[in-house]
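In: here's my sequence, what's the structure:
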Amino acid sequence: MLSRNEATTANLSELREQIPAVKKWAYLDNAAIGPMSSPARDVLSGWADDSANNGDIVWGGWSERVESARQSAARMVGAELEEIALVNNTTNGINIVAEGFPWKDGDNVVTLDNEFPANIYPWTNQADRGVQTRMVPVEDGRPSLERIVEACDARTRVVSVSWVSYSSGWRHDLDRLAEVVHSQGALLFVDVIQGLGVFELDVKKTPIDFACADSHKWMLGPEGAGVFFIRREHLDKLRPCAIGWRSVERPSEFTDLGQPLRKMASRYEGGTQCMGALAAMGASIDLLQSFGTAAISQRVIELSDYACERLSSIGAEIKTPRDVFGSDASSQYDTNKSGIVVFQFPDQDTEALKQRCIEQGVAVSCRAGNLRASMHAYNNEQDIERLIEVLKRGVISYQ
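Out: A predicted model of the protein is given here:
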């Protein structure tokens, strides 16, 4: 009989079969752009063919598929359908809050100084409205809840952080983070792009206020399609800044020009969307959900632990905060682990090492002078071993 881990691995080998990129690549760059899954590719190409051959005649059917994608996204995060907007990208979702919030002169936003720029510029852009952006220093990739609290005061309206740091791989305990932020009287926005699709998020249990991600990383969908969550009680708090024909209650009644806004998150969507991309995102969400988030997240942690062990064995310095990894790893630390492993070799040219990896069919990234490997559940140990062999040869060639 297979062990639990062996059974999980065997089951997820079926997921690997749905990722065409693995035929050519040891693809360890999911934190940058994940390879599109076969179901997403098929839906997107099908939409393009259908649109080219039939034009407006097929619009209604694809509109239904977009609404099906909304339902899939809502199920994935445990939200009500009315709490989900379909957006172009994560930046779009952050700006819905940043531009629509009822700021007053003297308000402030708290974020971290190692955030991706998409979670900085929408907030700093509010400076001309009298809003200060406070960036909390992060040391060794570990954000401090105490420092976040210290940065808050009576005028802090929003705390905005990434669920998983793109630059360090640290994953927040969102339940604890929400508790801390709400204790300061602020609302919590979470950029979930580096976790959604591989880690469980149930907004009925975890009281975050806003969240957004697009599908081209861990959801294995196309660029230009994303999900924005807003808790129902905040719907009227944000002023919609991109009103369009689809923002009102009866969008198909074009001559009724006095309609109120929809009482749902789709009021923020505005106008026409890329239906093929959104439908493709829905197909990829359904694929991932068919394997179960628990199995996927377990496998992601196993592979990133394995990567840490193997990288350490060839002299790499692991920069991602991990107190322990491997068979002795504690579930306490699993809370903060992700599929991202950041590392470096002292006195080595990381860009040259990255290029060597690419030339040898191993996809990784460079971020802030470090190498970054990011493992999904479709990956396997052989992918990591290909990385190790390329790096061993590359590091030796510099010595």
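In: list phi and psi for the one residue sitting closest to the centre of the chain.
Out: With distances taken as C-alpha atoms, centre = their mean, Ile193 lies nearest the centre of the chain, 1.1 Å away. Dihedral pair for Ile193: phi -60, psi -30, per degrees, to the nearest 10.
In: same check, this time on the one 4 residues further on
Out: Recorded main-chain torsions at Gly197 are phi 110, psi -30, according to degrees, to the nearest 10.
In: mind listing what it touches?
Out: By C-beta atoms under 8 Å, 6 or more residues apart in numbering, the residues touching Gly197 are 76, 215, 217-220, 285, 288, 296. Where C-beta positions appear, they are placed from N, C-alpha and C, glycine not excepted.
In: adding secondary structure, write the residues you listed out as CSV.
Out: Formatted as CSV, these follow (DSSP: H, G, I helix; E, B strand; the rest coil):
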residue, secondary structure
Met76, helix
Ser215, coil
Lys217, coil
Trp218, coil
Met219, coil
Leu220, coil
Ile285, helix
Leu288, helix
Ile296, helix
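In: just flag the most distant two among the residues you listed.
Out: Farthest apart among those by C-beta to C-beta are Ser215 and Ile296. That separation is 15.3 Å.
In: these two: which has the busier surroundings?
Out: Neighbours were tallied for Ser215 and for Ile296 using other C-beta atoms under 10 Å; the higher tally belongs to Ser215 (31 against 24).
In: gap between the more buried one and Val109?
Out: With the distance defined as C-beta to C-beta, to the nearest Å, Ser215 ends up 26 Å from Val109.
In: then Ser338?
Out: Applying C-beta to C-beta to Ser338 and Val109 gives a distance of 24 Å.
In: how about the residue nearest to the centre of the chain: what's its closest non-neighbour residue?
Out: Nearest non-adjacent residue to Ile193, counting by C-beta to C-beta, 6 or more residues apart in numbering: Ala213, 4.0 Å away.
In: state the pLDDT value of Asp107.
Out: Here, the pLDDT recorded for Asp107 equals 98.
In: show me the contacts for it.
Out: Each residue near Asp107 by C-beta under 8 Å, 6+ apart is listed here: 130-132, 155-157.
In: okay, and which of the residues you listed map to strands?
Out: Residues of those located in strands (DSSP state E): 132, 156-157.
In: so which of those wins on neighbours?
Out: Of all these, Thr156 has the most neighbours under the rule other C-beta under 10 Å, reaching 21 neighbours.
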